[in-house]
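Visitor: no sequence for this one, just the structure:
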């Protein structure tokens, strides 16, 4: 159900920035640490876009791998299970990538001007 609220928030963001124009595609960056299931997000996207400017729009998801960076030696590594200690020097590590959840861009359709 987490994906329902995520997809609703993405629709709200896209509609706000579309400024009344029809949205044809939304590109989303989703970090592995966000625990979003891409298939569930696609499913709920089809539901929450109904009767909005995003109805029929493609949702394109870019999945971002989780990466940590040592605060001390700046070593960076990709992780499956977060362990917040550097394997090189033992220093504390911080998230370098993988916690993203951002609308990267939207495509909109410009309406043809009536010349009649």
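Guide: Done, it's in. Just so it is clear, the structure is predicted and the values come from calculations on it, not from any experiment.
Visitor: State the mean pLDDT of the longest helix along the chain.
Guide: Looking across the chain with DSSP state H, the single longest helix is helix 2-18. In this model, helix 2-18 has a mean pLDDT of 93.
Visitor: For it, what is the distance to the chain centroid?
Guide: Relative to the centre of its chain, helix 2-18 is centred 10 Å away, using CA atoms, centre = their mean, to the nearest Å.
Visitor: what comes into contact with that helix?
Guide: 23, 26, 28, 35-37, 40-41, 43-45, 47-49, 52-54, 57, 59, 101, 103, 106, 108 (CB atoms under 8 Å, 6 or more residues apart in numbering). All C-beta spots, glycine's among them, are computed from the backbone N, C-alpha and C.
Visitor: After that helix, heading C-terminal, what element do we hit next?
Guide: Downstream of helix 2-18, the first helix or strand assigned by DSSP states H and E is strand 22-31.
Visitor: Report the inter-axis angle for the helix or strand following that next one versus strand 22-31.
Guide: Tracing the chain past strand 22-31, the next element assigned as helix or strand by DSSP H and E is helix 38-48. Here the directions of helix 38-48 and strand 22-31 differ by 150 degrees (axes from the mean of the first three to the mean of the last three CA atoms, to 10 degrees).
Visitor: List the buried residues for helix 38-48?
Guide: Using 16 or more other CB atoms under 10 Å as the test for burial, helix 38-48 gives 41, 44, 45, 48.
Visitor: Quick check: the last one vs residue 73, distance?
Guide: In this case it means residue 48. 44 Å (CB to CB, to the nearest Å).
Visitor: next one: residue 24
Guide: Note on residue 24: its distance to residue 73, by CB to CB, is 45 Å.
Visitor: what does residue 3 give?
Guide: Noted for residue 3: a distance of 37 Å to residue 73, by CB to CB.
Visitor: list the contacts for the residue lying closest to residue 79 once chain neighbours are set aside?
Guide: Leaving aside its sequence neighbours, residue 79 sits nearest to residue 66 (CB to CB, 6 or more residues apart in numbering; 5.1 Å). Contacts for residue 66 were tallied using CB under 8 Å, 6+ apart; they are 31, 32, 33, 78, 79, 80, 82, 95, 97, 98, 99.
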